[in-house]
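A.B. asks: Give the three-dimensional model of this entry:
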Amino acid sequence: MNRVLSISLLVQLLLVAGFLGLAWQADQLMDKSGVGDVEAWNRFNNFAGIAFYGVAFVWLATIILSLAGRAFGTPQAQLAVGMPPLALVLGWLLSWVI
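C.D. replies: Have a look, this model is predicted:
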C-alpha cells in the first residue's frame, strides 16, 4: 500500500507541476487587452485543464483507495492526500509573485 501511495503522490505532483506550467504558459501568450495567439492559448488551456482533472481524479482515487485499505491514518496516505492541494495553492500564490 505504501508503494501505491508513493506512486500516487509522485503522479499528482507531476500533474500539479504540469498544470501550473501550462497555465502560466497560456497566460504569457495572451496580452491583458485580449490580443495574442488565441490558438496557442486554447491549446495550452486545454492541456492545463486535462492536467487539472487528472490531479482531481488521482487525488480522489487516492482518498478512496486509502480509505478502502484502512490506511488513511498513515503518514504516507496523509502526504498523498494533503500535498497536492497544498502544492496547487502554493503554486498559484507563486504565480502572483513571478
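
A.B. asks: Need the single longest helix in this structure, by residues.
C.D. replies: Across the chain, the helix with the greatest residue count (assigned by DSSP state H) is helix 38-68.

A.B. asks: Quick check: closest non-adjacent residue to the residue nearest the centre of the chain.
C.D. replies: By CA atoms, centre = their mean, the chain has its centre lying nearest to residue 16, at 2.5 Å. Sequence neighbours aside, residue 87 is the residue nearest to residue 16 in space, at 4.7 Å (criterion: CB to CB, 6 or more residues apart in numbering). Glycine gets a C-beta too; all of them are placed from N, C-alpha and C.

A.B. asks: Now for the one you found, how many residues are close by?
C.D. replies: 18 (other CB atoms under 10 Å).

A.B. asks: CA atoms only: put the helix or strand hosting it into PDB for me.
C.D. replies: Applying DSSP states H and E as the criterion places residue 87 in helix 75-97. The C-alpha trace of helix 75-97 is given here as PDB (Å, rounded to 0.1, in the frame of the first residue of the first chain):
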ATOM      1  CA  PRO A  75       1.800   9.200   7.100                       C
ATOM      2  CA  GLN A  76       2.100   8.000   3.500                       C
ATOM      3  CA  ALA A  77      -1.600   8.400   3.000                       C
ATOM      4  CA  GLN A  78      -1.700  11.800   4.700                       C
ATOM      5  CA  LEU A  79       1.100  13.000   2.400                       C
ATOM      6  CA  ALA A  80      -0.500  11.600  -0.700                       C
ATOM      7  CA  VAL A  81      -3.800  13.300   0.200                       C
ATOM      8  CA  GLY A  82      -2.500  16.600   1.600                       C
ATOM      9  CA  MET A  83       0.400  17.600  -0.600                       C
ATOM     10  CA  PRO A  84      -1.300  18.100  -4.000                       C
ATOM     11  CA  PRO A  85      -3.800  20.700  -2.800                       C
ATOM     12  CA  LEU A  86      -1.100  22.400  -0.900                       C
ATOM     13  CA  ALA A  87       1.200  22.400  -4.000                       C
ATOM     14  CA  LEU A  88      -1.700  23.800  -6.100                       C
ATOM     15  CA  VAL A  89      -2.300  26.700  -3.600                       C
ATOM     16  CA  LEU A  90       1.400  27.500  -3.200                       C
ATOM     17  CA  GLY A  91       1.900  27.300  -7.000                       C
ATOM     18  CA  TRP A  92      -1.000  29.700  -7.500                       C
ATOM     19  CA  LEU A  93       0.400  32.100  -4.900                       C
ATOM     20  CA  LEU A  94       3.900  31.900  -6.500                       C
ATOM     21  CA  SER A  95       2.400  32.800  -9.900                       C
ATOM     22  CA  TRP A  96       1.400  36.100  -8.400                       C
ATOM     23  CA  VAL A  97       4.900  36.800  -7.300                       C
END
